Structure formats: C-alpha cells, structure tokens
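K.L.:
Generate coordinates for the sequence data below:
(one chain, ligands or ions: 1)
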Amino acid sequence: MSTERRVAIVTGAARGIGAAVAGRLSADGFAVAVLDLDAAACVNTVTAIEAAGGTALAVGADVSDEASVAAAVERIATELGAPTVLVNNAGVLRDNLLFKMSVDDWDTVMNVHLRGAFLMTRAVQKYMVEAEFGRIVNLSSTSALGNRGQANYSAAKAGMQGFTKTLAFELGKFGVTANAIAPGFIETEMTAATAARVGVDFEAFKQAAAAQIPVNRVGKPEDIANTASFFVSEGAGFVSGQVIYVAGGPKD
Ligand code: NAP
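P.N.:
Residues are numbered from 1 along each chain as shown. Next up, the predicted model:
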C-alpha cells in the first residue's frame, strides 16, 4: 500500500511541533487528522496543508478523555479513512519545584501525556492491526533524563519511553512499529512560555540555550517533523522501540 492512501493522526497539532509534523506528513502523502483541544485552533494548520495541495481534517478532542478520544478516532476513520499512523504529541507543562508542586500540576501533566497517549493508542491500534501496518511515534523529551522543576513532566516523558518500548513488543507482529522522539530545546510557544515564567526575554533565553548545544542553535519544529517523517515511513519497518534524542548533540 502506498502512503497516498494512508491516514495519520497528529495530536496537539494546532501549533508548534505538532503543526510541523502534520505539515510534513501531508507533504509525505498522508491524509492528516489535525487533532487539538479546540477544533477552531486547528484552522491554521489545516489551511496550510490544503494550500499546499494536501488533505487535512480539523478534530477537536481532549486526549485525556476516554469518550472524547473514542468519538474523535471514530470520526477520523469515517471521514478520512482507517488511521494507521499516530503521533502522540499533545503536551502541557506545569513546572514547579517539588515542594510547590500541586496534585493538580502532577495529575494534569500525567493525564495529557501518559493517559492521552494510552487512550489514543488503544483507540487507533485496532485499525493498525487490521491493516497489518502501523507507525506510532510518541513525543518524549530530554527532560526524561531529569530536569529541575519538572518532577511531573520528566516522570511523564520517561514514562512515554517505557510505553513506547512495550508497544513495540506487543504490536510488532502486526506490522506496527513504535518509536519515541526526545527533543531538546525546540522554539515553540511552550519554550516561550517557560522563558516568560522565569522572567527572561525569549531571544536571550534561546541564545543561552544555544550556547549549551553542540550544534550551536536551538531546535525548530521542523527538526522534529523530519525525524517523525522517517519513523512513519515504509522503510523504517525494522526500527522499533527506539528513543531518538533530537537535541543538537548527544544525550545519555
Ligand atoms: P505547544 O506549542 O504548547 O503545543 C502543544 C499543543 O498540545 C497545543 O496546541 C495544546 O493545545 C495541545 N494540547 C494540550 N493539551 C491537550 C489535550 N488534552 N488534548 C489535545 N491537545 C492538547 O508544545 P510544543 O512545544 O509544540 O510541544 C509538543 C510536544 O513536544 C509536547 O509533548 C512536548 O512536551 C514535547 N516537547 C517539546 C519540547 C520543546 O522544546 N518545545 C521539548 C521536548 C518535548 P492548547 O493550546 O489548547 O493547550
């Protein structure tokens, strides 16, 4: 089967990394479900894809809500076709030092990243198994290795890696691969919000980050989109259960 007939779902695709991944997968020949909390927020991503000659569907859904996920995946299957590529990208930050971290900060981050990836993957895997083909890409982070002020986020992003490896074991025999991308500093609204939270001008924040990165620049959403494009390709069928750090240099 050629990629022209394949359907991809990208969560958190209204902006940032998700929007770039959605655009890249469309350029690669996929019909793309652009899923985010608010369907109206997906308009820019969908319009850009359509302007470039691609096919996209804006889908409003909360990945942490079981009923919302079930309805969204069913709608995508009906309107675009059976989804066989899933990029679990939706994410939030609720940074704080442990002693100031609320239960809500903890639960929100766990729910969006881990519960969200679980619910989305469970809902989509049946289409992959039926097609005897599937590609799952989960967004981890260099924060999985530990990061001050991110007990919740680092635990969730380390969890994404364990989740990915388990999917690789369980779904491999059905032609489904699962891999994780662990980005370093990527220039998006998420990192802009972090700069604002610590009271540093975003340009200065990026320059300070770039000085610590071997390739001497911060990442762009396209850096992640390029990596996702490889993982979901036909040719990557023997690459599964891997975590690739896309961080401008090596990470442990
Ligand atoms: P972003 O600009 O904040 O975009 C995240 C998107 O996810 C937003 O559109 C957000 O919608 C959506 N979202 C949040 N909760 C959701 C939910 N429950 N259901 C559906 N969509 C939801 O973030 P980004 O920088 O592009 O990051 C994308 C992914 O990469 C995240 O998983 C992040 O943790 C990971 N990552 C980013 C970096 C970085 O440096 N930027 C580094 C490592 C890993 P709303 O606007 O409505 O909240």
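K.L.:
pLDDT (mean, whole number) over whichever strand or helix holds residue 74?
P.N.:
According to DSSP states H and E, residue 74 maps onto helix 66-79. Average pLDDT, helix 66-79: 98.
K.L.:
Report the buried residues of that helix.
P.N.:
In terms of neighbour count (16 or more other Cβ atoms under 10 Å), helix 66-79 has its buried residues at 68, 69, 72, 73, 76, 77. The C-beta positions use only the backbone N, C-alpha and C, and glycine is treated the same way.
K.L.:
Check which helices and strands it is in contact with.
P.N.:
In terms of contacts (3 or more Cβ pairs under 8 Å, 6 or more residues apart in numbering; DSSP states H and E), helix 66-79 is packed against strand 7-11, strand 31-36, strand 56-60, strand 83-88, helix 116-131.
K.L.:
CSV for these, including mean neighbour count and mean pLDDT?
P.N.:
Formatted as CSV, these follow (neighbours: other Cβ atoms under 10 Å; pLDDT from 0 to 100):
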stretch, mean neighbour count, mean pLDDT
strand 7-11, 30, 99
strand 31-36, 29, 98
strand 56-60, 21, 98
strand 83-88, 29, 98
helix 116-131, 21, 98
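K.L.:
Dump those into CSV; add distance to the ligand as well.
P.N.:
Listed next are the helices and strands packed on helix 66-79 as CSV, based on distance: least, Cβ to the nearest ligand atom, whole Å:
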stretch, distance to the ligand
strand 7-11, 6
strand 31-36, 5
strand 56-60, 9
strand 83-88, 8
helix 116-131, 6
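K.L.:
Output these in CSV, with distance to residue 216 appended to each entry.
P.N.:
Formatted as CSV, the helices and strands packed on helix 66-79 follow (distance: least, Cβ to Cβ, whole Å):
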stretch, distance to residue 216
strand 7-11, 29
strand 31-36, 32
strand 56-60, 35
strand 83-88, 28
helix 116-131, 32
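K.L.:
do you know which of the ones you listed lies nearest residue 231?
P.N.:
strand 83-88 (8.8 Å; Cβ to Cβ).
K.L.:
elements contacting the helix or strand just after that closest one?
P.N.:
Going down the chain from strand 83-88, the next helix or strand is helix 103-110, by DSSP H and E. Where contact means 3+ Cβ pairs under 8 Å, 6+ apart, helix 103-110 is packed against helix 151-171.
K.L.:
can you pull the contacts of the closest residue to residue 70 other than its chain neighbours?
P.N.:
Using Cβ to Cβ, 6 or more residues apart in numbering and skipping the chain neighbours, the partner closest in space to residue 70 is residue 123 (5.9 Å). In this structure, residue 123 makes contact with 69, 70, 73, judged by Cβ atoms under 8 Å, 6 or more residues apart in numbering.
K.L.:
returning to what we had before: is the helix holding residue 74 positioned near the ligand?
P.N.:
No: shown here: helix 66-79 not in contact with the ligand (Cβ under 6 Å from any ligand atom), separated by at least 8.1 Å.
K.L.:
Dihedrals phi and psi, the residue most central in space within the chain?
P.N.:
Geometric centre of the chain, nearest residue: residue 89, 1.8 Å, by Cα atoms, centre = their mean. Note on residue 89: its backbone torsions stand at phi -120, psi -20 [degrees, to the nearest 10].
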